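Asker: Here is a sequence with its predicted model. Questions after.
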Number of protein chains: 2
Amino acid sequence: MTAAMAETKKILLAHGGGGQLADELIRKTILARLGEKRPEGLEDSAKINLSSKSICFTTDSYVVKPLFFNGGDIGKLAVCGTLNDLAVAGAIPVALSLSFIIETGLEIDILEKIIDSIAKTARQNNVHIVTGDTKTVDAGQADKIFINTAGIGIRLKTADLGFDKIKPGDKIILSGSIGDHGITILSERQDIKFQTTLKSDCAAVSGLTSKILTGTTGVRFMRDPTRGGLAATLNEICRQTGLDIEIKQSQIPVKPAVQAAADMLGFDVLEIANEGKFVAVVSPACAEKVLRICKKHPLGKKAKIIGQITGASDTPLVEMETIIGGRRIVQMPYGRELPRIC
Amino acid sequence: MTAAMAETKKILLAHGGGGQLADELIRKTILARLGEKRPEGLEDSAKINLSSKSICFTTDSYVVKPLFFNGGDIGKLAVCGTLNDLAVAGAIPVALSLSFIIETGLEIDILEKIIDSIAKTARQNNVHIVTGDTKTVDAGQADKIFINTAGIGIRLKTADLGFDKIKPGDKIILSGSIGDHGITILSERQDIKFQTTLKSDCAAVSGLTSKILTGTTGVRFMRDPTRGGLAATLNEICRQTGLDIEIKQSQIPVKPAVQAAADMLGFDVLEIANEGKFVAVVSPACAEKVLRICKKHPLGKKAKIIGQITGASDTPLVEMETIIGGRRIVQMPYGRELPRIC
């Protein structure tokens, strides 16, 4: 740590100014902790030689509050979220960009913890952070730290996914329990304690999805049910395809603690964000095989066939058979005020 | 405009919630104005078929204040800045991502103006916005709007650029006047009026750099002198190569109004951010040809050879011969408190 860094344990405006302090922050705090080798020095653009010309490209900004929560933090989320977008598009992630907007006054040790978490998550998922940016803003002009990641992935040749591939009769597979991430964040934010510990499902599913896509044919479409939850994902499928969907509540895994917390807080778990799950629409012929691959993987042990695509309809709907045998329409969430869940 | 949108002219938290309101904002405000066709519907990852496996990948977040300034706005800047990072890396831009963090309460017509500017700038520069994200945060947790763009470009086969390619004797070309962007922003922020109008140089130089790189050999390195200005760019070259640099103040184009404003505000124009300029280090043999190509292009009319790489040194320095014939060391800016310049 140089004299200039030692003088402060907090982020200053000058850390985003393009001068010595910014340079020190980038070299000594960010690059050193990311452990990325950059033979080219610090050029603003990363040069990448891809193994294929057929890629996926995605981005997300992360504004989650609190920054640290049981099961993850904004850094882990920023890596996993973007990897998941690539994963459900049928791609193997290869490179991420990383951009910070930091409020002046943020403790540098908080930034270091976040960067360590980013580095660890990237390493675990075999992806490199290849380019980045750091901006600072005055106190009161941001809330501690916001992170953007963009990601590039190589499309699997075996993955030919899209809304247009979905057919009546296709099965809908959910990779595990729903509501864990959103309910954890909401409970921590409101400082509600439950007897059973709530934990975010924050994880990158790219390892599992690539196993499925290379091990089977017949996957039509995948999506990670983040903001808006399973309800938004299923309604989007419905609207894009014009096909009705039928699901069974009894087949949707929800942890009792998550259900209890959701009931107490007044939320429908179907509308709650997940950060380590995916929905796959698959041909009837390959559904059981996909399920078997899921169950062998740590992130898919609780996978279930939760329903199916039924037929075309003028007003396509998502219908759910409830546990007690009734039927309920699952609507597109209106957009409740659940800000900063991711 | 639907009933839900008509109810409000401001951004609500629910616009970032993943539900109906978010969906309307994305479809009707963002996608419609961007004019992008997306046959795949609204999948989170864009599928791209590249013309080459050799790419550049870059990102920047934009937090400029004010959002609108003479010569540009945060949207134009967010496109140009990322295109310029690709350009100076020797790449032809092909695709951008676009991510918004919006403070609740932002007037939707301001967002619309910004998106129109993004769309226009992307169109003019023949690049597509292919994927995006929108987050909302509570009032007071961001300052109106922050934008992140990431970009992918195809590396020109004729571009073999890097600090390691720079040799003693190489010439340093600056594509035009310095200080325009930063001084414009600082003056507008402090509401200082000058007799001559200050105007940001905000522009994408990718058209010009690709002409240079396809029209000549001998370009060793390029960089856009943004935050930290020309001083930071030259010092970075110095440090990365271990070579001394000599420049002539008389050859550095500075508009009189910019110089006057910089003097009045107490800034060194060498340290001021530019957003439509580049520095190229080129072999002595090709310097005149690069200059000729620049002068034929609207963004390079004022290009000059401002100096050269001299020799190796234990303590490599950037030295400037001043207009009155003195010599001055140009130091790496410490990181003055010039926040939110880009």
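Answerer: Received, thanks.
Asker: how many neighbours does A:Ile324 have?
Answerer: By other CB atoms under 10 Å in any protein chain shown, the residues close to A:Ile324 number 7. For every residue, glycine as well, the C-beta is placed using N, CA and C.
Asker: A:Ser61 falls within a strand, correct?
Answerer: Yes: applying DSSP: H, G, I helix; E, B strand; the rest coil, one finds A:Ser61 inside a strand.
Asker: What is the burial count for it?
Answerer: A:Ser61 has 27 neighbours, counted by other CB under 10 Å.
Asker: ok, now the one 5 residues further on?
Answerer: For A:Pro66, the number of neighbouring residues by other CB under 10 Å comes to 12.
Asker: A:Ile30 too?
Answerer: A:Ile30 has 21 neighbouring residues, counting by other CB under 10 Å.
Asker: quick one: contacts for it?
Answerer: A:Ile30 makes contacts with A:Ile115, A:Gly132, A:Thr134, as judged by CB atoms under 8 Å, 6 or more residues apart in numbering or on different chains.
Asker: what's across from A:Cys56 in the sheet?
Answerer: Taking DSSP bridges, one obtains A:Gly153, B:Lys47 as the residues bridged to A:Cys56.
Asker: burial count for it?
Answerer: With other CB under 10 Å as criterion, A:Cys56 counts 29.
Asker: That one contacts A:Ala150, correct?
Answerer: No: when contacts are counted by CB atoms under 8 Å, A:Cys56 is not listed as touching A:Ala150 (11.0 Å).
Asker: Spell out the secondary structure type for the nearest residue to A:His128 once chain neighbours are set aside.
Answerer: Closest residue in space to A:His128, ignoring its immediate chain neighbours: A:Ala95 at 5.5 Å, by CB to CB, 6 or more residues apart in numbering or on different chains. Assigned with three-state DSSP, A:Ala95 falls in the strand class.
Asker: Using the three-state scheme, assign whichever residue of the stretch 1-150 of chain A sits closest to chain B.
Answerer: Ranked by CB to the nearest CB, the top residue of the stretch 1-150 of chain A for proximity to chain B is A:Gly18, at 2.7 Å. Following three-state DSSP, we place A:Gly18 in the coil state.
Asker: Name all residues that make contact with it.
Answerer: B:Thr226, B:Arg227, B:Gly228, B:Gly229, B:Ala232, B:Ala273, B:Pro333, B:Gly335.
Asker: ok, back up a step: can you narrow the contacts of A:Ile30 to ones near chain B?
Answerer: Taking CB under 8 Å from any CB of the partner chain, the overlap between the contacts of A:Ile30 and the neighbourhood of chain B is A:Gly132.
Asker: Now render the contacts of A:Ile30 as CSV, adding secondary structure.
Answerer: Output for the contacts of A:Ile30, formatted as CSV (three-state DSSP):
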residue, secondary structure
A:Ile115, helix
A:Gly132, strand
A:Thr134, strand
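Asker: Who wins on neighbours among the contacts of A:Ile30?
Answerer: A:Gly132 (24 neighbours).
Asker: Remind me which helix or strand the nearest residue to that one once chain neighbours are set aside belongs to.
Answerer: Once flanking residues are discounted, A:Gly132 sits nearest to A:Leu98: 4.2 Å by CB to CB, 6+ apart. In the assignment (DSSP states H and E), A:Leu98 maps to strand A:91-103.
Asker: hang on, the earlier thing: wait, what's in contact with the residue nearest to A:His128?
Answerer: A:Ala46, A:Ile48, A:Val127, A:His128, A:Ile129, A:Val130, A:Gly151, A:Ile152, B:Phe57.
Asker: can you count the residues close to A:Gln249?
Answerer: A:Gln249 is flanked by 18 other residues according to other CB under 10 Å.
Asker: Next one: it relative to chain B, how far apart?
Answerer: A:Gln249 sits 21 Å away from chain B, going by CB to the nearest CB, to the nearest Å.
Asker: where does the residue nearest the centre of chain A fall, helix, sheet strand or coil?
Answerer: Most central in chain A under CA atoms, centre = their mean is A:Gly81, positioned 2.6 Å from the mean C-alpha point. Using three-state DSSP, the structure places A:Gly81 in helix.
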